[in-house]
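Visitor: What shape does this take:
(chains A and B)
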2 protein chains.
Amino acid sequence: MAQKTVGFIGLGIMGFPMARHILEAGYPLIGYDIRPEPVEALAALGAQKGTSPKDVAARSDVVITMLPDSPDVEAVALGPEGILEGARPGTIYVDMSTISPTVAVRVAEAGRAKGVRVLDAPVSGGDIGAQRGTLSIMVGGDEATFQEMLPIFQTMGSRITLCGGNGAGQIVKTCNQILVGAAILGVAEALVLGAKAGVDPAKIVDVLLGGVARCGILENRGSRIVQRDFQPGFKARLHYKDMRIALAAGQDYGVPMVVSPLVHEMLKRMVLAGYGEWDHSGMVRVLEEWAGVEVRAFGT
Amino acid sequence: MAQKTVGFIGLGIMGFPMARHILEAGYPLIGYDIRPEPVEALAALGAQKGTSPKDVAARSDVVITMLPDSPDVEAVALGPEGILEGARPGTIYVDMSTISPTVAVRVAEAGRAKGVRVLDAPVSGGDIGAQRGTLSIMVGGDEATFQEMLPIFQTMGSRITLCGGNGAGQIVKTCNQILVGAAILGVAEALVLGAKAGVDPAKIVDVLLGGVARCGILENRGSRIVQRDFQPGFKARLHYKDMRIALAAGQDYGVPMVVSPLVHEMLKRMVLAGYGEWDHSGMVRVLEEWAGVEVRAFGT
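Guide: Numbers count the residues shown, from 1 in each chain, chains lettered A, B, ... in the order given. Predicted structure coming up:
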């Protein structure tokens, strides 16, 4: 059976290394981006060049998008010169961006009307995960299309889960961002209190990691926070965008939210204060400025 | 060197098994509680019986308290017929209750004025940790007294840390409860959104455990939540008390708080709604009632 031809639209910090993994696994690949540079760079690795989303879709068996936000996906998938204009019945379209779950459902319905099979498949693991091909991929859609896509997903990710029907991948990604945001806020508030009360923040991190308060954020970022290292990681402005999606999901599905709006406001403040390019764990800085203290390991 | 005689005041669900471990390690032990039953039960295991905090202190080299809240510790330590009335210069007094850090500092100062050496040493690990002798013990006070107490702490706990001066143990315990509370709220909000959007909550737990959203609460309680098992664990009404301590610490040390007040209100609602004896992870129930959905694994 011949390899599927894969079209990949959106060759940014995430999309480029993801497309490269697919290409290196032996799939014919057509790359496209609104900027010519990454298209040329991918072509230098053996990819073909697309000229529009419609063009990419017309030449591919599978089209993947990796774009910043919901409006981008709507424009590229549903707009003029978009994917659905070029796709044929049977084409698979997989959106791997993190977008609104209800937009994902709408795109899937538009695809279905044209015989295009659509999956939502947002990822976590950041640019490092994209480079290493170790992303977590949360998939929404039908089982048969999921199975057909699995070998391609496996070139990009190490943990791939079918979460449910269309939109379910985005829902689980949103759940992930809500919990991560709450954990960051909890870590920040705990460390700021401890620091202002005069306890060594490095000691607090160490003790909390040893019990039920342990969490991925404390493991990955705790010692960096107290060493004042806010290099991303995952940028605050991207988590801010994801929390906008979470609030929209709360409205769309009718779920009163308690902690998500706070996380959203804290990330907004980070962006306003000029910390949007910092790791999201830099949220601690917002509370530090309020409390008039710095969370810094003793002796550093 | 003869073993220290240990007085233990407060023989409840935590204190009784802690005292038993000290006794079983070979220390002469004097037990006291306002209820006679646990004093008799401990005597049946070989302990002596105390008649008041003052009496216990007068007959002991080390006095330990394990009491519900700050006012209890103030009364038992500083009140009439209290520990400081019976203690001699050189006596060690260790409060292992979870109380206000500033109250802990005040008790330490009152002790110092009488030549009594005071440590605060709150624990985490719950009644299971107390029974197994695997508590985490967070200690505030001076290094020499900490070292002198270490063999006794080791009969009760498996992870024992000197966090700083008097009050530092309570501060770190408060930090722990803030982070755990934020994580519970994040888990609850994520699962309620996912459930109402129609995704299997068991799948969400599974996916989130595989990435940076992983946390002790999700590990220990995630699958129990979606199986509707809210057996404690750690009771909501006790975490509620701990969050009152956190809010008081925020006032005492001048730290504006963002997530702790919310966690406090959610736990208050649990108590008002009759869920105070549930595990604190039952906070999800409050959001469920607001959203009109139940977080239950598909097929259960």
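Visitor: Could you list the domains of chain A?
Guide: A:6-165, A:171-291 (automatic domain parsing).
Visitor: most residues in a single helix of chain A, which one?
Guide: Longest helix in chain A by number of residues, with DSSP state H as the criterion: helix A:168-196.
Visitor: Which strands and helices lie in contact with the helix or strand just after it?
Guide: Elements were assigned by DSSP states H and E; along the chain past helix A:168-196, the next helix or strand is helix A:201-209. Helices and strands touching helix A:201-209, by 3 or more Cβ pairs under 8 Å, 6 or more residues apart in numbering or on different chains; DSSP states H and E, are helix A:168-196, helix A:216-226, strand B:157-164, helix B:168-196. In this view, the C-beta of every residue, glycine as well, is placed from N, C-alpha and C.
Visitor: I'd like to know which of these lies nearest to B:Gly50.
Guide: strand B:157-164 (23.3 Å; Cβ to Cβ).
Visitor: got the angle between the closest one and helix A:168-196?
Guide: 50 degrees (axes from the mean of the first three to the mean of the last three Cα atoms, to 10 degrees).
Visitor: Give me the below-cutoff pLDDT ranges for chain A.
Guide: Low-confidence segments of chain A (pLDDT under 70): A:1.
Visitor: Spatially nearest residue to the residue of it most remote from its centre, not counting backbone neighbours?
Guide: Relative to the C-alpha centroid of chain A, counting by Cα atoms, centre = their mean, A:Gly198 is the outermost residue, at 37.2 Å. Among residues not flanking A:Gly198 along the chain, B:Gly164 sits closest, at 6.9 Å (Cβ to Cβ, 6 or more residues apart in numbering or on different chains).
Visitor: give me the number of residues near that neighbour?
Guide: 22 (other Cβ atoms under 10 Å in any protein chain shown).
Visitor: surely it meets A:Pro201?
Guide: No - contact criterion Cβ atoms under 8 Å: B:Gly164 and A:Pro201 do not qualify, at 10.9 Å.
Visitor: So A:Leu247 lies in a helix, does it not?
Guide: Yes - under DSSP: H, G, I helix; E, B strand; the rest coil, A:Leu247 sits within a helix.
Visitor: before we move on, back to that, can you tell me which of the helices and strands packed on helix A:201-209 is nearest to A:Gly90?
Guide: So among these, helix A:168-196 is nearest, using Cβ to Cβ, at 21.2 Å.
Visitor: any residue of that closest one up close to chain B?
Guide: Yes - residues of helix A:168-196 are located near chain B by Cβ under 8 Å from any Cβ of the partner chain, namely A:168, A:171-172, A:174-176, A:178-183, A:185-187, A:189-194, A:196.
Visitor: Can you tell me the SS state at the spatially closest residue to A:Ile13 that is not a sequence neighbour?
Guide: Nearest residue to A:Ile13, sequence neighbours excluded (Cβ to Cβ, 6+ apart): A:Asp127, at 5.0 Å. Under three-state DSSP, the three-state class of A:Asp127 is helix.
Visitor: now swap in A:Met138 and tell me
Guide: Assignment for A:Met138 (three-state DSSP): strand.
Visitor: Contacts only, for it.
Guide: Under the criterion of Cβ atoms under 8 Å, 6 or more residues apart in numbering or on different chains, the neighbours of A:Met138 are A:121-124, A:161, A:163, A:168-170, A:172-173, A:176, B:207.
Visitor: Also A:Val295?
Guide: A:Val295 neighbours (Cβ under 8 Å, 6+ apart): A:191-192, A:194-195, A:201, A:225-226, A:284, A:288.
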